[in-house]
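**Q** Pasting the sequence and the predicted coordinates here, then a few questions.
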Amino acid sequence: MRIRPVLQISEHLTKANSYRQQLLAQSTVGSEFFHGSMLREAELSADARRELLPCAVPATGQADAPEDAAGFLSRYTFWWVFPSIRAANQRARLAQEDLPKLPSIDDPEFLFCKVASLWRSARGKSARILCSVCWRIQWRVFLYSVLHGWTFLFFMTIDPLMLRVLLNAVQDGSKEVSFPVQLCLVGALSLSMLVRVTCMEVCFFASVRVQNNVRSVLVHAIFRKSLCVPDHELDVGRISNLMATDADKIGKWSSLLFSLSQWSWTFASLPFLVYFLYKLVGSAAFIGTAMVVLGAAISRGLGRCLQSWTKVVQECRDHRASLMSEMVRGIRTVKLQVWEPVWQSRLSAARNEEMKAIVRVRILGAFNTLVGSVLSVMVPVSIFAWYTVVSGERLDAATAFTTLAWISTLQWSVQALPGIYRAVANLKPSFDRIDRFLTAPITTQTQAVDEVNGAASAPWHDEPWLSASSFRGLAACTGIAVDVQNAAFGYRHWGANATSLEETCILEQVNFQIPKGSFVMIAGPVGSGKSTLLASLACSRPPLRGKCHVSGHRAFVSQKPFLLNGTVKENVLFGLPLDEDKYASALRMAALVDDLSSLSNGDATPVGESGVPASQQVCC
């Protein structure tokens with residue numbers, strides 16, 4: 001049983017990055033795409049599985065990426081991006097070839113290969129396995145970002161020391177600090193500002209880089225896992241939200257590492273800052289420290305409250321997406337039965353509940369930001385008020401500006417606290433949802449090792465989405481391609497009370513063998529179980545009972561294919577570069593040459609939801 005697809009599905013899936021935006025834009029058919037009507041079963045080709053997970057960085061020319069070849073100054077001044085900026089300035093737009101190539105360590109296939117390795121090594125050792133894996137895939141870039149953030153804050157910390165010496169010399173006219181020394185201090189402050197700005201930009205760039213790579217890996221992992229989930233366990237709306245909302249939210253929180261470096265520096269440098277402030281303004285320094293601690297406590301409380309409401313928003317969003325997917329799948333029935341008002345009321349009610357939860361989250365987030373801003377202002381106000389009113393000291397220019405410089409260092413970290421708690425409140429539920437999905441056990445067929453015509457038949461991997469080899473099917477037999485013994489085929493679904501799974505059996509006591517090289521047709525009336533049997537042979541729907549062994553490579557062309565909103569040619573190529581011979585061969589094999597010649601636009605005819613209805617030949 002060795003049916004080869006016209007074009008390798010694996011190539012389509014691994015190289016169709018240029019079509020990502022087009023796929024996401026087709027939100028109305030996104031549920032059918034993730035449901036895997038065609039891609040799910042066609043992916044079962046063993047060659048497709050092998051190509052989905054390479055063992056090393058693919059030789060795609062990534063080694064000559066501008067950032068990899070950039071020197072020290074080019075990296076810190078971002079000069080390696082200048083060719084793209086110049087092209088955009090000259091043409092008033094950017095083409096894909098103008099964009100710099102990705103560095104080798106940012107290659108999506110390489111990153112997922114690392115994730116698979118880290119996931120296996122961390123399995124059972126960490127409760128937060130997903131968070132641990134995500135931040136370890138690029139731990140060098142992670143540390144690179146945090147260290148540059150600390151360097152930025154370190155120079156902010158030492159600047160007030162030089163500023164105080166300079167201000168005292170100017171204010172008192174001191175002869176102890178000569179004029180050349182004062183010029184050197186001014187130059188040192190200028191150099192410090194340059195280093196600070198450079199380190200801040202490098203830190204933020206690395207933060208954006210890590211977050212986007214985490215998003216890329218999560219989307220890849222969710223998609224691969226969804227291909228392995230049986231139909232009765234598949235929630236289309238939930239998977240769509242995991243990819244389009246949760247993973248995207250993690251990727252968009254680009255300042256997370258930048259804020260983390262500020263926050264960690266606060267606790268590391270707080271004793272030194274309090275000491276320097278105490279030497280400068282006395283006991284008023286402790287008032288400022290108390291305000292910082294108070295702000296952290298309030299922000300943490302608001303963050304916990306925000307986190308609980310964020311979970312409610314995500315649950316409401318999943319419910320609304322499930323209703324929308326159900327309505328789209330049954331739109332013909334809805335139209336025929338005139339159920340539009342009923343579905344409109346159901347969707348409106350779900351959307352209203354979602355909006356109520358979103359409003360609460362927005363209000364709490366705004367209040368959290370407001371509290372952080374007010375407390376950041378209260379720190380210098382409380383220090384100066386205590387210093388002048390309670391301590392009775394005179395506030396001069398040198399003391400005021402030096403204190404403000406110290407406080408500005410504190411304020412950078414104080415202002416980061418609300419953002420950190422807001423990030424935790426928003427991202428933790430998303431990480432938990434993705435983690436539960438990826439760690440959930442898969443109900444697949446697992447057979448014990450036995451002998452079939454002298455060849456062992458190995459069980460499937462417990463986490464097949466991590467590995468390509470686990471999808472090569474059961475071990476090859478010497479003469480039998482398909483071996484079914486006492487099998488029952490059907491599907492599982494949730495009962496009326498939605499608390500237990502119920503079985504609906506379509507075929508029972510099925511026994512047959514198919515030798516290698518055979519051509520077999522399955523015939524029967526509508527509803528007799530033909531599609532159910534084929535889906536089970538393709539391992540998309542495990543048998544309810546019995547033994548079902550399929551050896552060798554297999555591909556499954558579903559009755560309901562997935563088509564892009566594009567031309568016939570674009571659907572055949574699916575993002576791959578055009579190979580005239582291969583393309584012509586595909587058209588001949590599908591017997592489409594005569595059909596396309598009868599169309600006015602030929603293979604440029606649009607198909608999909610926005611195009612003309614496609615025949616079964618075109619879909620094939």
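**A** Structure's in. What do you need?
**Q** Looking at the helix or strand hosting residue 187 now, give me its mean pLDDT.
**A** Counting by DSSP states H and E, the element that carries residue 187 is helix 179-228. Taken as a whole, helix 179-228 has an average pLDDT of 85.
**Q** what does stretch 422-441 rub up against?
**A** For stretch 422-441, contacts defined as C-beta atoms under 8 Å, 6 or more residues apart in numbering pick out 128-131, 134, 218, 221-222, 225, 238-239, 242, 245-247, 249-250, 253, 256, 259, 303-304, 306-307, 310-311, 314, 365, 368-369, 462, 465. Where C-beta positions appear, they are placed from N, C-alpha and C, glycine not excepted.
**Q** re earlier: after the helix holding residue 187, which helix or strand is next?
**A** Using DSSP H and E, the helix or strand that follows helix 179-228 in sequence is helix 236-241.
**Q** Report the contact partners of the residue nearest the centre of the chain.
**A** Taking C-alpha atoms, centre = their mean, the centroid of the chain lies closest to residue 215, which sits 2.4 Å from it. For residue 215, the contact set (C-beta under 8 Å, 6+ apart) comprises 247, 248, 250, 251, 252.
**Q** out of everything not next to it in sequence, what's closest to the fourth one?
**A** Taking C-beta to C-beta, 6 or more residues apart in numbering as the measure, residue 251 lies nearest to residue 215, with 2.7 Å between them; neighbours along the chain are not counted.
**Q** for the first one, same thing?
**A** Distances taken as C-beta to C-beta, 6+ apart put residue 218 closest to residue 247, at 4.1 Å, once the chain neighbours are dropped.
**Q** And residue 583, by the same measure?
**A** Leaving aside its sequence neighbours, residue 583 sits nearest to residue 572 (C-beta to C-beta, 6+ apart; 6.5 Å).
**Q** What's the separation between the one you found and residue 235?
**A** Applying C-beta to C-beta, to the nearest Å, the value for residue 572 to residue 235 is 31 Å.
**Q** returning to what we had before: buried only: go through the contacts of stretch 422-441 for me.
**A** For the contacts of stretch 422-441, a burial check counting by 16 or more other C-beta atoms under 10 Å picks out 129-131, 134, 218, 221-222, 225, 238-239, 242, 245-247, 249-250, 253, 256, 259, 303, 306-307, 310-311, 314, 365, 368-369, 465.
**Q** one step back: from the contacts of residue 215, which is closest to residue 336?
**A** Of all the contacts of residue 215, residue 336 sits closest to residue 248, with 36.1 Å by C-beta to C-beta.
**Q** I'd like the next helix or strand past the helix or strand where residue 300 lies.
**A** Residue 300 belongs to helix 284-329 when assigned by DSSP H and E. Once the chain leaves helix 284-329, the next helix or strand it forms, by DSSP H and E, is helix 331-336.
**Q** Off-centre distance for that next one?
**A** Centre-to-centre, helix 331-336 and its host chain are 35 Å apart (C-alpha atoms, centre = their mean, to the nearest Å).
**Q** Any buried residues in that helix, and which?
**A** Buried positions in helix 331-336, judged by neighbour count with 16+ other C-beta under 10 Å: residue 334.
**Q** for the helix or strand just after it, packing partners?
**A** As assigned by DSSP H and E, the chain's next helix or strand after helix 331-336 is helix 340-385. Packing contacts for helix 340-385, counted by 3 or more C-beta pairs under 8 Å, 6 or more residues apart in numbering; DSSP states H and E, involve helix 284-329, helix 397-439.
**Q** Quick one: closest of the ones you listed to residue 115.
**A** helix 397-439 (10.1 Å).
**Q** Let me know the average pLDDT across that closest one.
**A** Here the average pLDDT along helix 397-439 is 75.
**Q** and the angle from that helix to helix 284-329?
**A** If you take axes from the mean of the first three to the mean of the last three C-alpha atoms, to 10 degrees, helix 397-439 sits at 30 degrees to helix 284-329.
**Q** how close does the nearest residue to residue 137 once chain neighbours are set aside sit to residue 278?
**A** Once flanking residues are discounted, residue 137 sits nearest to residue 114: 5.0 Å by C-beta to C-beta, 6+ apart. For residue 114, the distance to residue 278 (C-beta to C-beta) stands at 47 Å.
**Q** Please apply the same query to residue 400.
**A** Distance of residue 400 to residue 278, computed by C-beta to C-beta: 16 Å.
**Q** And the strands in the stretch 1-150 of the chain?
**A** Remark: no strands are assigned in the stretch 1-150 of the chain by DSSP state E, counting those that start in this stretch.
**Q** same question, the stretch 451-600 of the chain
**A** Counting by DSSP E, counting those that start in this stretch, one finds strands in the stretch 451-600 of the chain at the ranges 451-452, 455-456, 480-494, 501-515, 545-550, 566-567.
**Q** Let's have these in TSV, adding mean pLDDT, distance to residue 187 and mean neighbour count.
**A** Output for these, formatted as TSV (pLDDT from 0 to 100; distance: least, C-beta to C-beta, whole Å; neighbours: other C-beta atoms under 10 Å):
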stretch	mean pLDDT	distance to residue 187	mean neighbour count
strand 451-452	34	81	14
strand 455-456	34	75	14
strand 480-494	80	72	18
strand 501-515	83	74	14
strand 545-550	80	75	19
strand 566-567	79	60	19
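**Q** want to throw the ones you listed into CSV with distance to residue 423?
**A** CSV is the format used below for these (distance: least, C-beta to C-beta, whole Å):
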stretch, distance to residue 423
strand 451-452, 53
strand 455-456, 50
strand 480-494, 35
strand 501-515, 38
strand 545-550, 47
strand 566-567, 38
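**Q** With respect to residue 325, which of the ones you listed lies nearest?
**A** Within these, the stretch nearest residue 325 is strand 480-494; the backing value is 15.6 Å (C-beta to C-beta).
**Q** For stretch 183-192, buried residues please.
**A** 185, 192.
**Q** So what touches it?
**A** 155, 158, 159, 162, 163, 165, 166, 177.
**Q** and the gap between the fifth one and residue 581?
**A** Read it as residue 163. In this view, residue 163 and residue 581 are 72 Å apart by C-beta to C-beta.
**Q** Show me which of these two is the more surrounded one.
**A** More crowded of residue 163 and residue 581, by other C-beta atoms under 10 Å: residue 163, with 18 against 7.
**Q** In contact with the closest residue to residue 569 other than its chain neighbours, which residues?
**A** Of all residues not flanking residue 569 in the chain, residue 603 sits nearest, at 4.2 Å (C-beta to C-beta, 6+ apart). Going by C-beta under 8 Å, 6+ apart, residue 603 touches 567, 568, 569, 572, 587, 596.
**Q** three-state assignment of residue 603?
**A** Three-state call for residue 603 (DSSP: H, G, I helix; E, B strand; the rest coil): helix.
**Q** Test my guess that the residue nearest to residue 583 contacts residue 585.
**A** No: contact criterion C-beta atoms under 8 Å: residue 572 and residue 585 do not qualify, at 10.8 Å.
**Q** Looking at these two now, which is surrounded by more residues?
**A** Each of residue 572 and residue 585 had its neighbours counted (other C-beta under 10 Å), and the higher figure belongs to residue 572 (21 against 13).
**Q** Residue 306 versus the residue nearest to residue 137, what's the distance?
**A** For residue 114, the distance to residue 306 (C-beta to C-beta) stands at 32 Å.
**Q** With residue 547 instead?
**A** To residue 306, residue 547 is 52 Å away according to C-beta to C-beta.
**Q** Packing partners of the helix holding residue 300?
**A** When contacts are defined as 3+ C-beta pairs under 8 Å, 6+ apart, helix 284-329 sits against helix 30-35, helix 236-241, helix 256-281, helix 340-385, helix 397-439.
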